[in-house]
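Novice: any chance you could fold what I've pasted below:
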Amino acid sequence: MTHMLTNARIVLENEIVHGSVRIENGKIAEVSTDPHPAVGTASGEDLSEDYLLPGLVELHTDQVEGHYQPRPKRFWDPIPAVIAHDAQMAASGMTTVLDALRIGSSPGENRLAGRARTLMDAVVHAAEAGLLRADHYVHLRCEVSTPDVVDVFDDIGGHERVRLVSLMDHTPGERQYADVEAFRTYMVGKHSMTNEQFDQHVAALHEYSAQFSEKNRRLMVARAMDRSITIAAHDDATQAHIDESAAAGVRISEFPTTIEAARAARAAGQLVVMGAPNIIRGGSHSGNVAAADLLRLGLLDVLSSDYVPSSLLHAVFHLFHGGDVTLPQGVALVSANPARAAGFDDRGLIAAGMRADVVRVHAYAGASAEHHPLGSVLPIVRGVWREGTRVA
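Specialist: Modelled structure (predicted):
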C-alpha cells in the first residue's frame, strides 16, 4: 500500500525541505521537494505545512511504573497500565520506547522484584500481542547497591526486548545525591518520611552500598556483555566514575552530574544523555549540572523525557526557538542519536529505506511571559505513524 504525506516542512538530517514523503510497505520510499505531487492511486494527506519529524526514540522513561502504581500501595492491572502508558508516549511523538524498569530492592522494598517481573511480562505481552502504538523495548535500571539485583536480572534479563542496562548507585552522598539534603527533601516529600526515619534509611543504604555495590557492578557488567546488551552508567560525577565505566565497556553516560564527568565521558567515546525536563526547567531538580550548559559546550548527544513525556518535543522546540540549535540538530537529539545509542539502524531519520516512523507537529506560537520573554513555541502533535500506519 502506498501513502503520501504532502505539503510538509520535512526535517531531514541536515536541512528542512518543503515537500512530500511517499510511504510503501511500512518504509519511506521517497522524499520529494515537490510539496504537491500527483498522488494517483495512492492515499494522500495534506499536512498544511506542519513539520514532519522522524519518530522520537525514548531511551529512559519510567512512566510505566507510575501507571502501574498510581497511588502509594495501590496497583493497577498491568496490561491496561502499559496500554495507557503507551498511549501517552505515542501522543507525545514517540514511536520507539525503552521502558525503564528498576530492579534491585532497597531497604523496605520487599516486593520490588515481583513488580519488576509483572511489568516486564506486561510490556512483552502487550508488545507481542500488537496492543501498543509505539514499538516498546525494556531498559533495566539496575541498582547495584542492593542484595537482589543480580538475581532479578537473571530472572528477567534474558528476553530479546531487553536492549539497555544501566548501572545505578543512589547511595546518598554519591552521584545524583551528592547533596544529602537534596535527597532528604525528595524522600521526606515523596515518601512522607520523618527526619528520624530518613536518617535511619540513609544509614541502611550506606550499609547496602558497602556490602553489594562493587561486587554487583562487576556481575551486572559480565551478564550484560554476555548477552550483548548495551550498558549505560547512571549519574557519573567524577573522572574516576568515568574511568570505571569505560573499563566496563559502558557506551552511554546517563545524566552525568558535572561538566567534568560529561567531558570525561565524551573523551571515553560515550554518548551523553540528559533529561529534557532539565532543559525546560532551566536546570536539574537535584542541583546538578544543567543540560543546556552541556549542550553549549558540545557535550550533549541525547535527550530523554525521563519523568515528563511531553518534555521531549517541548525541549527541542524550546532550544530551536531560543537559537541554541537548528531544528535538525534538535531533532537529532531525540531521534537519530538515541536510535544509534540503542543499536537501531532502521529508524531515527526521514530518508529512503528507513522505517516510516514519522510525526506531524504543529508549532503553536505562545504569548510572552516572565520566564519566556520572547514568547514560547509549543509543539502540538497532530499525527503519528509507525511503519506507515497511523497510531495517533
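Novice: do you know how far the nearest residue to His234 once chain neighbours are set aside is from Val144?
Specialist: In space, and not counting its chain neighbours, His234 is closest to Met168: 4.1 Å by CB to CB, 6 or more residues apart in numbering. All C-beta atoms are positioned from the backbone trio N, CA, C, and that covers glycine. Counting by CB to CB, to the nearest Å, the gap between Met168 and Val144 amounts to 7 Å.
Novice: need the overlap of contacts for the two.
Specialist: Common contacts of Met168 and Val144, defined by CB atoms under 8 Å, 6 or more residues apart in numbering, comprise Gly104.
Novice: ok, how many other residues are close to Ile16?
Specialist: For Ile16, the number of neighbouring residues by other CB atoms under 10 Å comes to 16.
Novice: which positions are bridged to it in the beta structure?
Specialist: With DSSP bridges as the criterion, Ile16 is bridged to Val11.
Novice: give me every residue that touches it.
Specialist: Ile16 neighbours (CB under 8 Å, 6+ apart): Arg9, Ile10, Tyr51, Leu327, Pro328.
Novice: so, low pLDDT: which residues of the chain?
Specialist: 107-111, 170-193, 195, 197-205, 367-375 (pLDDT under 70).
Novice: domain-wise, how is it divided?
Specialist: 2-51+366-390, 55-345 (automatic domain parsing).
Novice: returning to that earlier point: and the residue nearest to His234, bridged to which residues?
Specialist: Beta-bridge partners of Met168, as defined by DSSP bridges: Glu143.
Novice: what about it, neighbour count?
Specialist: Quick note: Met168 (other CB under 10 Å) scores 24 neighbours.
Novice: measure it to Ala292 for me?
Specialist: 24 Å.
Novice: now swap in Arg340 and tell me
Specialist: 22 Å.
Novice: so those two - more neighbours on which side?
Specialist: Shown here are Arg340 and Ala292; by other CB under 10 Å, Ala292 has more neighbours (20 against 16).
Novice: any idea how far that one is from Ile380?
Specialist: Applying CB to CB, the value for Ala292 to Ile380 is 23 Å.
Novice: right, and Val152 touches Arg115 too?
Specialist: No - Val152 lies out of contact with Arg115 (CB atoms under 8 Å); the separation is 10.2 Å.
Novice: looking at the two, which is more packed in?
Specialist: Shown here are Val152 and Arg115; by other CB under 10 Å, Val152 has more neighbours (24 against 19).
Novice: I'd assumed the more buried one was in a helix, is it?
Specialist: Yes - with DSSP: H, G, I helix; E, B strand; the rest coil as the criterion, Val152 is part of a helix.
Novice: for it, which non-adjacent residue is spatially closest?
Specialist: Excluding the flanking residues, the one nearest Val152 by CB to CB, 6+ apart is Ile103, at 4.3 Å.
Novice: now do Ala91
Specialist: Using CB to CB, 6+ apart, the nearest residue to Ala91 is Ala392, at 5.3 Å.
Novice: now do Leu327
Specialist: Closest to Leu327 by CB to CB, 6+ apart is Phe320, at 4.9 Å.
Novice: now do the SS call for that neighbour.
Specialist: Here Phe320 is recorded as helix under three-state DSSP.
Novice: isn't it up against Leu333?
Specialist: No - applying CB under 8 Å, one finds Phe320 not in contact with Leu333, separated by 10.7 Å.
Novice: the two: which has the busier surroundings?
Specialist: Comparing Phe320 with Leu333 by other CB under 10 Å, the one with more neighbours is Leu333, at 26 against 19.
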